[in-house]
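In: Next comes the sequence, and after it the predicted model I'd like to discuss.
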Amino acid sequence: MRNVIEHGAILTTGDTLRVPMLDDAAPAGAATPTLADSEREAILRALEGRGWRIKGPKGAAAALGLTPRPSTAA
């Protein structure tokens, strides 16, 4: 699954992730989520699954492979 998503991310242009195998399986008329929507859902699921803990080895940041520190990029 990870490889399929990475492949789609590499080939996708614009802000909507396109995964050919998943696009074919989607019901007709279903809205295609944007990459930002998908990221938000993954973050929310990780937070809810870890009791809204962000930091530490059992926190959402670790589960997502992210740093719990805010970005300093402007």
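Out: Arrived safely, thanks for sending.

In: Residues contacting stretch 58-70, please?
Out: Ala42, Ile43, Ala46, Leu47, Gly49, Arg50, Trp52, Arg53, Ile54, Lys55, Gly56 (CB atoms under 8 Å, 6 or more residues apart in numbering). The way it works is simple: take the backbone N, C-alpha and C, and place the C-beta from them, glycine included.

In: pLDDT below threshold where in the protein?
Out: Within the chain, the segments meeting pLDDT under 70 span 1, 20-30, 73-74.

In: the strands in this structure, which residues?
Out: Using DSSP state E, no strands are found in the chain.

In: so what are the domain limits for it?
Out: Taking automatic domain parsing as the reference, the chain has its domains at 1-32, 33-67.

In: could you redo those domains as JSON lines and give each row mean neighbour count?
Out: What follows is these, written out as JSON lines (neighbours: other CB atoms under 10 Å):
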{"stretch": "domain 1-32", "mean neighbour count": "10"}
{"stretch": "domain 33-67", "mean neighbour count": "13"}
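
In: ok, now how distant is Asp37 from Arg18?
Out: Distance, Asp37 to Arg18, using CB to CB, to the nearest Å: 14 Å.

In: Keeping just the C-alphas, turn the longest helix belonging to the chain into PDB.
Out: Assignment by DSSP state H gives helix 35-49 as the longest helix of the chain. This file holds the C-alpha atoms of helix 35-49, laid out as PDB (Å, rounded to 0.1, in the frame of the first residue of the first chain):
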ATOM      1  CA  LEU A  35      -3.600  15.500  -0.500                       C
ATOM      2  CA  ALA A  36      -4.200  18.000   2.400                       C
ATOM      3  CA  ASP A  37      -7.500  16.300   3.300                       C
ATOM      4  CA  SER A  38      -5.700  12.900   3.300                       C
ATOM      5  CA  GLU A  39      -2.900  14.200   5.500                       C
ATOM      6  CA  ARG A  40      -5.400  15.800   7.900                       C
ATOM      7  CA  GLU A  41      -7.300  12.500   8.200                       C
ATOM      8  CA  ALA A  42      -4.100  10.600   8.900                       C
ATOM      9  CA  ILE A  43      -3.000  13.000  11.600                       C
ATOM     10  CA  LEU A  44      -6.400  13.000  13.300                       C
ATOM     11  CA  ARG A  45      -6.500   9.200  13.300                       C
ATOM     12  CA  ALA A  46      -3.000   9.000  14.800                       C
ATOM     13  CA  LEU A  47      -4.000  11.600  17.500                       C
ATOM     14  CA  GLU A  48      -7.200   9.800  18.300                       C
ATOM     15  CA  GLY A  49      -5.600   6.400  18.400                       C
END
